[in-house]
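Asks: coordinates only, sequence not included:
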Ligand SMILES: CC(C)(COP(=O)(O)OP(=O)(O)OC[C@H]1O[C@@H](n2cnc3c(N)ncnc32)[C@H](O)[C@@H]1O)[C@@H](O)C(=O)NCCC(=O)NCCS
Ligand SMILES: Nc1ncnc2c1ncn2[C@@H]1O[C@H](COP(=O)(O)OP(=O)(O)OP(=O)(O)O)[C@@H](O)[C@H]1O
């Protein structure tokens with residue numbers, strides 16, 4: 001990873017700021033305490049093979065990647081250049097976690113957004129959620145749909161590809177290629193509305209996560225629970241929101257009950273968790289410009 005040789009120095013500072021912010025968003029996601037089926041500082045959720053410390057090791061291994069891909073974006077790269085940085089970062093992550101996939105989706109989603117923010121910063125455009133998402137869609141959307149997936153098993157297909165074929169859903173690539181419609185239309189409005197009402201970051205993050213689980217075709221849920229598991233998770237999240245979500249007095253107890261239910265079914269909404277980090281990135285991207 002040697003993008004320092006590829007981009008002019010005047011881009012180093014904004015790229016570092018953008019990349020560090022992406023890492024901070026990922027840290028906020030995994031540090032969020034009450035989540036259904038996901039790893040938190042106090043729980044493995046539905047996972048036997050990873051805990052909070054695995055995520056910290058993974059984040060540590062990605063500390064150069066996000067600034068580098070943002071710097072690469074400043075040079076208006078084609079998708080191939082971003083893809084090789086992403087594949088390299090996956091390799092670093094797997095080495096740091098002993099082969100466990102903690103951040104494959106995040107390397108992809110937030111990597112693309114860092115690169116788009118780099119494009120905007122280099123062109124002295126304002127950094128805004130809609131414009132960075134449009135840059136991802138317009139610059140690299142078609143190429144990413146045409147590229148083969150990264151994480152292959154012995155049969156040559158990733159989990160995402162297998163469930164995409166089986167259930168006819170698009171997963172992480174379709175979401176990014178379309179300019180993150182779930183984060184823009186679902187995660188971000190939920191986050192902003194609760195933040196404005198309560199001033200409470202934790203509740204805003206939790207509400208955004210549940211809004212995403214209720215609406216996203218999460219390939220992690222499909223892989224672990226099939227169509228019935230995905231439908232169950234969506235229904236549980238929609239029910240939580242219909243009962244007032246994080247504005248209800250006993251919201252923490254309700255989240256913990258849904259967490260127990262997801263753990264008993266081995267369900268983990270990892271794609272929605274990644275899109276929460278994307279939502280946090282979009283919510284703060286304006287301040288990076
Ligand atoms: C495209 C990727 C994500 C693989 O796609 P695939 O369809 O196989 O997805 P897979 O099931 O492995 O899911 C990857 C992760 O995406 C997240 N995810 C799941 N569902 C969704 C969704 N609906 N929306 C967004 N993210 C999701 C989850 O965290 C999941 O673990 C990626 O691993 C890849 O191909 N990387 C190669 C490097 C690359 O192209 N980089 C581009 C520039 S960074
Ligand atoms: N806090 C979190 N807890 C658990 N998973 C998360 C969290 N945040 C994001 N994720 C995402 O969930 C994915 C892990 O899910 P999972 O273990 O189901 O994937 P897998 O390794 O593809 O499949 P499996 O372990 O079922 O064989 C990671 O790619 C990660 O990006």
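Replies: Yes, it's here. What you see is a predicted model, and the numbers here were worked out from it, not measured in a lab. Ligands and ions are numbered 1, 2, ... in the order given.
Asks: which stretches of the stretch 101-250 of the chain have low pLDDT?
Replies: Flagging of the stretch 101-250 of the chain using pLDDT under 70 yields the residue ranges 148-156.
Asks: what does it put close to ligand 2?
Replies: By C-beta under 6 Å from any ligand atom, the part of the stretch 101-250 of the chain that sits against ligand 2 consists of 101, 102, 103, 104, 105, 106, 159, 220, 223, 224. For every residue, glycine as well, the C-beta is placed using N, CA and C.
Asks: so can I have TSV of the residues you listed showing secondary structure and neighbour count?
Replies: Listed next are these as TSV, based on DSSP: H, G, I helix; E, B strand; the rest coil; neighbours: other C-beta atoms under 10 Å:
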residue	secondary structure	neighbour count
101	coil	19
102	coil	26
103	coil	28
104	helix	23
105	helix	26
106	helix	28
159	helix	19
220	helix	29
223	helix	21
224	helix	22
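Asks: Please identify the helix or strand for whatever residue of the stretch 101-250 of the chain ends up closest to ligand 1.
Replies: Per C-beta to the nearest ligand atom, residue 160 is where the stretch 101-250 of the chain lies closest to ligand 1, at 2.2 Å. Taking DSSP states H and E as the criterion, residue 160 maps to helix 159-167.
Asks: contacting residues around the closest residue to ligand 2 within the stretch 151-289 of the chain?
Replies: Scanning the stretch 151-289 of the chain for the residue nearest ligand 2 gives residue 270, at 2.0 Å (criterion: C-beta to the nearest ligand atom). Residue 270 makes contact with 38, 105, 218, 220, according to C-beta atoms under 8 Å, 6 or more residues apart in numbering.
Asks: how does it look with 6 Å?
Replies: Residue 270 makes contacts with residue 220, as judged by C-beta atoms under 6 Å, 6 or more residues apart in numbering.
Asks: mind checking how far it is from residue 130?
Replies: Going from residue 270 to residue 130 by C-beta to C-beta, to the nearest Å gives 26 Å.
Asks: go on, residue 67?
Replies: Going from residue 67 to residue 130 by C-beta to C-beta gives 24 Å.
Asks: more crowded one of these two?
Replies: residue 67 (25 against 12; other C-beta atoms under 10 Å).
Asks: thought the more buried one was touching residue 19?
Replies: Yes - when contacts are counted by C-beta atoms under 6 Å, residue 67 is listed as touching residue 19 (3.1 Å).
Asks: does residue 194 sit in a helix or strand, and which one?
Replies: Taking DSSP H and E as the definition, residue 194 sits inside helix 188-198.
Asks: Next: residue 63.
Replies: In this structure, residue 63 sits in neither a helix nor a strand according to DSSP H and E.
Asks: And for the residue nearest to residue 32 when sequence neighbours are not counted, the neighbour number?
Replies: Leaving aside its sequence neighbours, residue 32 sits nearest to residue 205 (C-beta to C-beta, 6 or more residues apart in numbering; 5.3 Å). For residue 205, the neighbour count with other C-beta under 10 Å is 27.
Asks: So for the helix or strand where residue 205 lies, what gets flagged as buried?
Replies: Residue 205 belongs to helix 201-215 when assigned by DSSP H and E. For helix 201-215, a neighbour-count test (16 or more other C-beta atoms under 10 Å) marks 202-215 as buried.
Asks: angle of that helix against helix 188-198?
Replies: With axes from the mean of the first three to the mean of the last three C-alpha atoms, to 10 degrees applied, the angle from helix 201-215 to helix 188-198 works out at 150 degrees.
Asks: Would you mind pulling up the elements that helix 201-215 packs against?
Replies: Packed against helix 201-215 by the contact rule (3 or more C-beta pairs under 6 Å, 6 or more residues apart in numbering; DSSP states H and E) you find helix 188-198, helix 219-242, helix 270-284.
Asks: What are the contacting residues of it?
Replies: 32, 186-187, 190-191, 194-195, 233-234, 237-238, 240-241, 245-246, 269, 272, 275-276, 279.
Asks: Make a PyMOL selection of the buried ones in those residues.
Replies: A single PyMOL command selects the buried members of these (16+ other C-beta under 10 Å):
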select buried, resi 32+186+187+190+191+194+195+233+234+237+240+241+245+246+269+272+275+276+279
